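K.L.:
model this:
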Amino acid sequence: MLSPNEQPRMIEAESINEIFEQHNVAFHYHYNGICHNCRCSVDVEITKTSRGHGLNGGILYESNPDKFLVQCLDCLEKFGIPIRWDSLDLI
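P.N.:
Now for the predicted structure:
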């Protein structure tokens, strides 16, 4: 869990490009994780598009390089995008 001083942000394009390079994929990647809120399994599909990148199935946040947190779509709808990450610690 992150300390209150470590506030993640939505994943940036540069980090997505690094994921594609590290896994040697050109256009499509699945990131499997556990939702930080409800602890369900989340499969985030990341796809390169003509206008950047698309994420489907959940949201990825990064707190520092190579450290990602996941939020499922149900929790995103229920709680929204957090202003402070500790606001997601509802369990």
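K.L.:
And the longest helix anywhere in the chain, what does it pack against?
P.N.:
Ranked by number of residues, the top helix in the chain under DSSP state H is helix 13-22. For helix 13-22, the packing partners by 3 or more Cβ pairs under 8 Å, 6 or more residues apart in numbering; DSSP states H and E come out as strand 28-34, strand 41-49, strand 52-56. Where you see a C-beta, it was placed from the backbone N, CA and C, and this is true even at glycine.
K.L.:
right, and those - which one's nearest Q22?
P.N.:
Of all these, it is strand 28-34 that lies closest to Q22, at 9.6 Å by Cβ to Cβ.
K.L.:
and the angle from that closest one to strand 41-49?
P.N.:
Counting by axes from the mean of the first three to the mean of the last three Cα atoms, to 10 degrees, strand 28-34 lies at 160 degrees to strand 41-49.
K.L.:
Tell me which helix or strand the most centrally placed residue in the chain sits in.
P.N.:
The centre of the chain sits closest to L60, judged by Cα atoms, centre = their mean, with a distance of 0.7 Å. Here L60 is covered by strand 58-64, with elements defined by DSSP states H and E.
K.L.:
List the neighbours of that strand that are in contact with it.
P.N.:
Identification of contacts with strand 58-64 by Cβ atoms under 8 Å, 6 or more residues apart in numbering yields 2, 6-12, 15, 31, 33, 35, 42-44, 46, 68-73, 76, 81, 85.
K.L.:
Distance from stretch 15-33 to the middle of the chain?
P.N.:
Centre-to-centre, stretch 15-33 and its host chain are 12 Å apart (Cα atoms, centre = their mean, to the nearest Å).
K.L.:
First-to-last residue distance for that stretch?
P.N.:
16 Å (Cα to Cα, to the nearest Å).
K.L.:
And stretch 21-32, by the same measure?
P.N.:
Terminal residues of stretch 21-32 are spaced 17 Å apart (Cα to Cα).
K.L.:
Can you give me the neighbour number for the closest residue to I19 other than its chain neighbours?
P.N.:
Excluding the flanking residues, the one nearest I19 by Cβ to Cβ, 6 or more residues apart in numbering is Y29, at 6.1 Å. Residues within reach of Y29, counting by other Cβ atoms under 10 Å, total 18.
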